[in-house]
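Chemist: Pasting the sequence and the predicted coordinates here, then a few questions.
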Amino acid sequence: VLVNVICSPPQNYPLYIRSIPTENELKFHYTVHTSLDVVDEKISAMGKALVDQRELYLGLLYPTEDYKVYGYVTNSKVKFVMVVDSSNTALRDNEIRSMFRKLHNSYTDIMCNPFYNPGDRIHSRAFDNTVNSMMMQVC
């Protein structure tokens, strides 16, 4: 199970949501919105130290019985959230970190597109391909 969510600041509404499998999508929406509160708490707790760091990976936000939720924040305060099945022990922190970097790079490519309006939902074949390749790697 992998869920990728990108939320724009400051309203925290999702720009992109993708989950496999899709039957529990509502549960994942709830988990993601709960994790956004944890992201905000971590950002406010770090304060100015976060601005000084180049690494914006927040790590494990919180584990549940079934899932692990990871977070990442860009310099422009766009939040990435990833939900992974707890039974997947093959994924290490370094793999999650590199997956977030790939997502961030792909998101940057979208933002450089002159036809994309910041704040709109993301509809990009290249971004979908990046997310699909990550999901196939994990699942």
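Modeler: Arrived safely, thanks for sending.

Chemist: what's the spacing between residue 109 and residue 127?
Modeler: Here residue 109 is placed at a distance of 8 Å from residue 127 (Cβ to Cβ, to the nearest Å). Placement of C-beta: from N, CA and C, glycine included.

Chemist: Give me the more crowded residue out of these two.
Modeler: residue 127 (19 against 14; other Cβ atoms under 10 Å).

Chemist: That one - that's part of a strand, no?
Modeler: No. The assignment for residue 127 is helix, going by DSSP: H, G, I helix; E, B strand; the rest coil, so no strand is present there.

Chemist: Tell me the pLDDT of it.
Modeler: For residue 127, the pLDDT comes out at 91.

Chemist: and if you look at the one 10 residues further on?
Modeler: In the predicted model, residue 137 carries a pLDDT score of 77.

Chemist: Go ahead and confirm residue 130 touches residue 101.
Modeler: No. The pair residue 130 and residue 101 does not pass the contact test of Cβ atoms under 8 Å, sitting 11.1 Å apart.
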